[in-house]
Structures are given as C-alpha cells and as structure tokens.
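**Q** Pasting the sequence and the predicted coordinates here, then a few questions.
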Amino acid sequence: MTHAARPGPVAMEELPLIISSARLLVLDVETTGWSPQVEAITEIAAVRLEGANRFVVMDTLVDPGFSIPASITSLTGISDATVRGAPRISEVLDTLLNLASSSVIVGHNVGFDLGFINMALQRNGRPALGRPWVDTAALARATVRHKVPNCRLSTLASSLALANRPSHRALADALTTADLLEHLVSLMDTS
C-alpha cells in the first residue's frame, strides 16, 4: 500500500510524486457557520486535476435545511433564496463519495472542509471520508510564509499573482486552491 492510499496528510517530501501521479480532487465547501457539529454545508465544489488539465466535476448549492445567518449571506452571498430548491446534502453525498474514491483530497485549510463533509456523512449514517489529503495552507506556511503577509487564500492569490481569485464561493475558491497547489509544488521542484 502506498502512502497515497492511506488516510491523513500527505508528507511534504512525497508531494511532488503524489501531485504528478495521483488522482487529485480539490474540494471547497461553503457553510452556515464555523462548527460542523451545529452548522451545515450550503455549497460544494470539486475540481479534478489530471496533469495540466482541470475539470469541474461538482458545483452545487446545498439546502442546509434551516435559515442561513445574515452574517454568512453577507460573506458568501448565499441566502435562503439562493438555496431554495437546491438538493439536500443527503442527495449529493453519493456523487461526492464517488468523486473522492481513489483520490487525494486537496483543500485550503482542508480540515475545515473535511470536518463538514465528515459530519454530513455521519449524520447520514455513512463512514468518514478516509482519504489522504493535502492542505495548501500548511504547504504555503512551509514554502512561502516568509514572502507573504499571511497564508489566507486571498492573500496568497494576490501575492503570488495566481490566475483565479477566491470569493467565499466554493468553485472560485477550489479553482484558486488548484492554482495555489500547482504554484507551490512548482516552487518545491525548483528548490
């Protein structure tokens, strides 16, 4: 069994090989708040990376089943009206699990995203998503922290002149995270 098959963080020294040879799935979620125990997902996006190619494989709003706080609507633009008619999380989990199978999960502060996804799985009687993962925030702290004011996705996108910019919407943030991963791995290849 290779490390890529084990759940948990991918070791930094393994990243270049994993990035070039593994199936990568960049995930981002938007939520009704900060705690997976009491809040819920409102949007999920996933971008598949295959070499230099990117494929948007999931981009969906999710009805959390309760009212979205005004502070979250102000941050994300996602309101009760936005998610009206959107599927519930139980309706999108099979698609998400199918996409994540045999993939290395990538995210910026990926523990946040996985916390919400795993709580949704638990609430629906499913096991946790036991996949290896790469956290681009941790990778940025290890590779470029000395060059940037902080390791927020928006700061990194601006400071590193990434093609995409985050917007607290799942697809824009997933695409920016994909840019960031490619940029940071290219820095590792040249050092």
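**A** Yep, that arrived.

**Q** the helices in the protein, which residues?
**A** 15-21, 70-76, 80-83, 89-100, 110-123, 136-143, 153-159, 170-190 (DSSP state H).

**Q** Kindly report which one of these carries the lowest mean pLDDT.
**A** Ranked by mean pLDDT, the helices of the chain bottom out at helix 15-21, with a mean of 81.

**Q** name the helices or strands packed onto that helix?
**A** Counting contacts by 3 or more C-beta pairs under 8 Å, 6 or more residues apart in numbering; DSSP states H and E, helix 15-21 packs against strand 132-135, helix 170-190. Using the backbone N, CA and C atoms, a C-beta is placed for each residue, glycine as well.

**Q** Mean neighbour count, the ones you listed: which tops it?
**A** strand 132-135 (a mean of 22; mean count of other C-beta atoms under 10 Å).

**Q** before we move on, the earlier item: rebuild the helices of the chain as TSV, extending it with distance to residue 59.
**A** TSV is the format used below for these (distance: least, C-beta to C-beta, whole Å):
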stretch	distance to residue 59
helix 15-21	23
helix 70-76	14
helix 80-83	14
helix 89-100	11
helix 110-123	15
helix 136-143	19
helix 153-159	18
helix 170-190	5
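
**Q** out of the helices and strands packed on helix 15-21, which comes closest to residue 147?
**A** helix 170-190 (9.8 Å; C-beta to C-beta).

**Q** about what we covered before: would you turn the helices and strands packed on helix 15-21 into TSV with distance to residue 71?
**A** What follows is the helices and strands packed on helix 15-21, written out as TSV (distance: least, C-beta to C-beta, whole Å):
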stretch	distance to residue 71
strand 132-135	25
helix 170-190	18
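
**Q** Which of the ones you listed sits closest to residue 72?
**A** That would be helix 170-190 among those, by C-beta to C-beta, at 13.2 Å.

**Q** Show me what that closest one packs onto, helices and strands only.
**A** By 3+ C-beta pairs under 8 Å, 6+ apart, helix 170-190 packs against helix 15-21, strand 24-31, strand 41-50, strand 53-61, strand 104-107, helix 136-143, helix 153-159.
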